[in-house]
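>>> Structure here, sequence nowhere to be found:
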């Protein structure tokens, strides 16, 4: 089993677990939209949607994911290459701070995508003639809500899975990267791409020949002109992070 396969095997259970959690959170984000339509109609929803999308459950999932996934991978890195002990309570605080400051931008991005999808879907659905067979305004609202739930539900599965894969990958690599300060022997970093075809970013990353680079601790990888400390590093932008399945490893010199 290759090193990438070992890491992917560790990630696999988290992908499924947090994929299900993310799907529940995506549903909770749009529930206030349905309540608004039921109570007030849809005419002013475009002006109210910023206040309707709820991030509370998604934020809680991100914090839980980065704490648990990160702790496991940091322990692995510490056990493999470091001698210093790991203070778990400090780690938990560090990960929560990371989520609120850095990963929080991704939570905002997820919410923004939900808003856009909701409004685009609403406009599309409103083009349908719901008046036929509807005996009341309430009937029209219920048909509208039903159609919205159906259409948004079709994209929730792949959105949730993409969120889970991206954040589990980032949390595992972020944790391994943070273990740099605890590694007590000279090492170089290795960027390990997934087998070709596993994810779209791997196809890009494989062509960049990133595995030939060997930066030292604290140094960054040159990813097509963008400097990244590890796979999933927010500095890489969405094109280098979303759906990425790469991993970082340390090689003793």
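Yes, it's here. This is a predicted model, so every value here is computed, not measured. Numbers count the residues shown, from 1 in each chain.

>>> Might you report the residue contacts of residue 120?
Residue 120 makes contact with no residue, according to C-beta atoms under 8 Å, 6 or more residues apart in numbering. The C-beta positions use only the backbone N, C-alpha and C, and glycine is treated the same way.

>>> which stretch of helix or strand covers it?
For residue 120, the enclosing helix or strand under DSSP states H and E is helix 104-126.

>>> So which bits of that helix are buried?
When burial is assessed from 16 or more other C-beta atoms under 10 Å, helix 104-126 yields the following buried residues: 106-107, 110-111, 114-115, 117-118, 121-122, 125.

>>> Stretch 46-64 now?
49, 52-55, 57-59, 61-64.

>>> what distance separates the start and the end of that stretch?
The distance separating the two terminal residues of stretch 46-64, taken as C-alpha to C-alpha, to the nearest Å, comes to 32 Å.

>>> go on, stretch 205-224?
In terms of C-alpha to C-alpha, the two terminal residues of stretch 205-224 are separated by 8 Å.

>>> Next: stretch 212-226.
Using C-alpha to C-alpha, the span of stretch 212-226 from its first residue to its last is 16 Å.

>>> can you count the residues close to the residue nearest to residue 20 when sequence neighbours are not counted?
Here the nearest residue to residue 20 in space, its sequence neighbours aside, is residue 160; by C-beta to C-beta, 6 or more residues apart in numbering that works out to 7.4 Å. Residue 160 sits with 20 neighbouring residues when counted by other C-beta atoms under 10 Å.

>>> Quick check: residue 160 vs residue 247, distance?
Look at residue 160 and residue 247: by C-beta to C-beta, to the nearest Å, they are 22 Å apart.

>>> Likewise for residue 28?
When C-beta to C-beta is applied, the distance between residue 28 and residue 247 equals 31 Å.

>>> So these two - more neighbours on which side?
Set side by side, residue 28 and residue 247 give different neighbour counts by other C-beta under 10 Å, the larger being at residue 247 (25 against 15).

>>> And that one, its phi and psi?
With angles defined as degrees, to the nearest 10, residue 247 shows backbone torsions of phi -140, psi 160.
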